[in-house]
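Engineer: 3D, please:
(2 chains)
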Amino acid sequence: GQSLEQPSEVTAVEGAIVQINCTYQTSGFYGLSWYQQHDGGAPTFLSYNGLDGLEETGRFSSFLSRSDSYGYLLLQELQMKDSASYFCAVRGSGGSYIPTFGRGTSLIVHP
Amino acid sequence: DAGVIQSPRHEVTEMGQEVTLRCKPISGHNSLFWYRQTMMRGLELLIYFNNNVPIDDSGMPEDRFSAKMPNASFSTLKIQPSEPRDSAVYFCASSPPPSDTQYFGPGTRLTVL
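Structural biologist: Have a look, this model is predicted:
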């Protein structure tokens, strides 16, 4: 099976940098993705890491270490609109490539 | 591109009634996923189709739940009979080959009284 661990809540102030960690256990590994979900909305894709290292997309970056079964999402220059839930998700490389989502991290950005 | 389309957006029904949720994936996407989201259990994968074929339905909670994908542009999730514990937001998502990115629909908020 597959399981993911991420913090339930993170708080930060506007303009700061915040890192949301994700550790996973999976039989085989295909990739680690990050999604953002605002209250009442649908998850939207942010970033994907298939190989080790850092992927940068504007203010958001995502990192993966396959040897440590670990990844993180880095949000820079935080804005109030970044207050949302952030989910990491993995797909195993064996069998049917079932995607599994973590429980989500609620990010609260204060002025 | 209209994105993934789901209907209805909201559904309120009474226990024991049949509920049918509908999804139109993004054109050209060959993978389709049904999820259920609740505060208690988070975002759970119910079933996953690839090229209209169900690949994994191990997340379907019980026989009251069934899903079909008769063609590449339409899928349904049916609950019969519905129970109050089925109350949740149900999301449909699609993914293009060979990408791992999932595009979610707006969801259907189901309330079973």
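Engineer: Identify the residues contacting the helix or strand of chain A with the lowest mean pLDDT?
Structural biologist: Averaged element by element with mean pLDDT, DSSP states H and E, chain A has its least confident helix or strand at strand A:99-101 (a mean of 88). Residues from elsewhere that reach strand A:99-101 (CB atoms under 8 Å, 6 or more residues apart in numbering or on different chains): A:2-4, A:26, A:35, A:87-92, B:33, B:35, B:42-43, B:45, B:48, B:100, B:102. (Each C-beta comes from the backbone N, C-alpha and C, glycine too.)
Engineer: Can you say which of those are buried?
Structural biologist: Among the contacts of strand A:99-101, those scoring as buried are A:2, A:4, A:26, A:35, A:87-92, B:33, B:35, B:43, B:45, B:48, B:100, B:102 (criterion: 16 or more other CB atoms under 10 Å in any protein chain shown).
Engineer: Confidence-wise, which helix or strand of chain B is lowest on average?
Structural biologist: Here the helix or strand of chain B ranked lowest by mean pLDDT, DSSP H and E is strand B:53-56, holding a mean of 91.
Engineer: quick one: it to chain centroid distance?
Structural biologist: Remark: strand B:53-56 is offset 13 Å from the chain centroid, using CA atoms, centre = their mean, to the nearest Å.
Engineer: likewise stretch A:32-40?
Structural biologist: 8 Å.
Engineer: now check that stretch, is it near chain B?
Structural biologist: Yes. Stretch A:32-40 is in contact with chain B by CB under 8 Å from any CB of the partner chain, via A:Ser33, A:Tyr35.
Engineer: Now that stretch: average pLDDT?
Structural biologist: For stretch A:32-40, mean pLDDT rounds to 96.
Engineer: buried set for it?
Structural biologist: Buried residues in stretch A:32-40 (16+ other CB under 10 Å): A:Leu32, A:Ser33, A:Trp34, A:Tyr35, A:Gln36, A:Gln37.
Engineer: neighbouring contacts of the least confident helix or strand of chain B?
Structural biologist: The contact list for strand B:53-56, computed with CB under 8 Å, 6+ apart, reads A:Gly95, A:Ser96, A:Tyr97, A:Ile98, B:Leu45, B:Ile47, B:Tyr48, B:Phe49, B:Ala67, B:Met69.
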